[in-house]
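# here is the input, now give the coordinates:
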Amino acid sequence: MNVIDTIKERLDIVELIGASVALRKTGRSYLGFCPFHPNSRTPAFTVYPDTQSFYCFGCHASGSVFDFVMLQQGIDFREALQQLAQQAGVELQPPSAHEQQQDEQRQRLLTITAAAARYFHYMLVQHAQGQPGRDYVQQRGLDERTIEVFQLGYSLPEWDHLLSRLVQQKGFALDDIVATGLAVERDGRVYDRFRGRLIFPIRNHQGDVVGFGGRALDTSQPKYLNTPQTLLFDKSHVLYGLDQAHEAIRSQGAAVLVEGYVDVLTAHQFGFRNVVAPLGTALTAGHIGLLKKRSPHIYLALDADAAGQRATLRGIQAMQQVSPDDESQPMVTAQGLVRWSNDIQLRVIRMPDGRDPDDVIRADPEQWQALVAAARPVTDFYLESYTADLDLGQPQDQRTALERLIPLILELDSTQQRVYAMRLEQVLGIRADLILGLLKRNVSPTRRQSHNTRTSRYTLPVQAEPAESHTSHRVQPPPSRETYLLALLLQHPRFCPLVEEVLWQHLETFPLVQPLLGSSIEHLFAQTPHRQIWLTWQRSKDEPPANLPTEHVDVGRAWITQLPEPLQDRALALLTLDVYDSREDMKRQMVIDCARQLRLEQAQRWHRQLCQQVQDLADETESESVNQLFVQINGYLGAIRIPRPMSLYDKDLRILLKR
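Presented below is the predicted three-dimensional model:
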């Protein structure tokens, strides 16, 4: 047994999580409110003693004791391992000589960066020579509290002012100062990297100063300069302001990414404390990983100008100016953003022309809130942006739009592909089944397998059995159309009349069909558990369940307790399933499309059964009765599946799919 398994065996996940989360025993599992996303109405966080794992049906966080500690504290696996080993009384192997040497050097460098941050701050707020820096922060409208909280500073324009202080007065080694990135060694000379700049100390998520950003106060040098790659600082794994924002991101359930230091400072100053920024580079997988530990909901604020839009759409430019000392980092392409949107819920904030978050927040904080609230799902943003210059009524432009969009949609999982195929059917007038066929032709088995592995952690499980280790997660199939419709109706009951209208269509014309197919919504659900869940929910509207455990369950979902225990988790999963949050008209159309297709499948099942009965029956009287019914079901099928006119591009697609 390895050390990880030993720790898991010695620690009880219920006891560990129960120390910070109120849990209530429900059958063989424990239920509580999730600590990783805001929710005060319905407990969706489940702990499973049998598998020593947890799963949240709201935000889909899952895993073992290691995952819980990493998510709760925002630490990496190594830190969680050390903490849990100590708690379990398990002795870890001592670090190697090299690791110990590196840890000691890291501590020395952190001491130097902390001292430099204090000195830069002193120069800004107290020293007479810090007036240029004070003038700049006043011009940008930054108040004293913001300057203090973020420890803003100022570097004098001299070549070795900081270096002399750190070496001569503090006694730090010259090599260590160079290793922090505060000093540059070139042509036998060592001098300060940051000169005549407003200084932004950059902290990791634990609050340690790992680097610095500097904003030039004149035009004689590059506008922005960051610490280069060091033992402490890797810009692809650090977000400015995260140390101040991580609690707000958790409590508000979302992070907002902006482009610049001052955007972050202004947002925090005005009370928007869930705002962070990348550091002179485009978004990387490391940045996304940092945020996913705190919330799966990420909002991206973009420049409104054409160059900014192109940079985001194509991923060919960094999000802000990169200094000459910086190395290039992986960029988020359009496809990359969509790929990540399988793991997280990424939305795009459209900024007004010529304005950045700093401008908007200062002028009108309520407008900023409205812009965030109106943020579009990232794939919607690309659908709109890639078709903005096309006339979608023209077959050639339909073809162009599809050629642009297919590579993006290929990055999505199969459920989302179905959703966006339906979107494209409405936007382009191209049949969804043809688009899905084209997608299947473009996806290789290897690609599909690797994609499923990447996204399985955030996929709704059919049975609540989360992974047993921090490295393995079960791959679950996407929800069926029936599951999807049931989830939509449970979450949005206002759509029930739409489904009932679909069910009643053509029944007056074919009266013999009604007793077979029924006219109530429960008749659409072929799966018995789905019918039972639906009927229980319907009864609860008229008869509230008795013995309501109001301490933990809100009245609106108390009906779940009336279900057999094996169905309670499934019902909760349906209530928290992501049913594609989009425009009202889109939801309405999706409800209608799902109901029509399920009704068609229901009628086809009866058609096959009646066809067999007609062949088997020998009695003429009974055969005539079945024949009449068979004729009516035939007519009903023809009425409900009248195809819409095929566009010119549909025909092109059919030819393409047959090749």
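# mind listing the helices for the stretch 451-600 of the chain?
481-491, 496-504, 514-517, 528-542, 565-576, 584-616 (DSSP state H, counting those that start in this stretch).
# tell me which residues in the fifth one are buried?
The reference is to helix 565-576. Going by neighbour count (16 or more other CB atoms under 10 Å), the buried part of helix 565-576 is Leu567, Gln568, Asp569, Arg570, Ala571, Leu572, Ala573, Leu574, Leu575, Thr576. All C-beta atoms are positioned from the backbone trio N, CA, C, and that covers glycine.
# and the first one, what pLDDT?
Looking at Leu567, its pLDDT stands at 83.
# any idea which of the helices of the stretch 451-600 of the chain gets closest to Thr227?
helix 565-576 (42.2 Å; CB to CB).
# now that closest one and helix 481-491, what's the angle there?
70 degrees (axes from the mean of the first three to the mean of the last three CA atoms, to 10 degrees).
# any residues touching helix 565-576, and which ones?
Identification of contacts with helix 565-576 by CB atoms under 8 Å, 6 or more residues apart in numbering yields 26-27, 29, 42, 44, 46, 57-58, 460-461, 463-464, 483, 486-487, 490-491, 529, 532-533, 536-537, 557, 560-561, 563.
# element containing Tyr30, please.
strand 29-32 (DSSP states H and E).
# and that strand, what's buried?
By 16+ other CB under 10 Å, the buried positions in strand 29-32 come out as Ser29, Tyr30, Leu31, Gly32.
# point out the least confident one among those residues.
Comparing the buried residues of strand 29-32 by pLDDT, Ser29 comes last, at 84.
# tell me the buried residues within the contacts of helix 565-576.
Buried among those by 16+ other CB under 10 Å: 26, 29, 42, 44, 46, 57-58, 460-461, 464, 483, 486-487, 490, 532-533, 536-537, 557, 560-561, 563.
# hmm, back to that, and which of the buried residues of helix 565-576 is nearest to Val631?
Leu574 (38.0 Å).
# hmm, back to that, so which of the helices of the stretch 451-600 of the chain comes closest to Ala374?
Closest to Ala374 of those is helix 584-616 (CB to CB; 14.0 Å).
# by contact count, what packs against the closest one?
helix 414-428, helix 481-491, helix 496-504, helix 514-517, helix 620-640 (3 or more CB pairs under 8 Å, 6 or more residues apart in numbering; DSSP states H and E).
# show me what the first one is packed against.
Secondary structure elements in contact with helix 414-428, counted by 3+ CB pairs under 8 Å, 6+ apart, are helix 378-387, helix 395-409, helix 432-442, helix 584-616.
# looking at those helices, which is buried most?
helix 378-387 (a mean of 20; mean count of other CB atoms under 10 Å).
# chain center to that one, what's the gap?
The chain centroid and the centroid of helix 378-387 are separated by 17 Å, computed with CA atoms, centre = their mean, to the nearest Å.
# could you check the angle helix 395-409 makes with it?
150 degrees.
# may I have the beta-bridge partners of Asp192?
Beta-bridge partners for Asp192, by DSSP bridges, are Ala183.
# burial of it, as a residue count?
Asp192 has 23 neighbouring residues, counting by other CB atoms under 10 Å.
# wait, what's in contact with it?
Neighbour list for Asp192: Ser155, Glu158, Trp159, Asp160, His161, Leu162, Leu163, Leu182, Ala183, Val184 [criterion: CB under 8 Å, 6+ apart].
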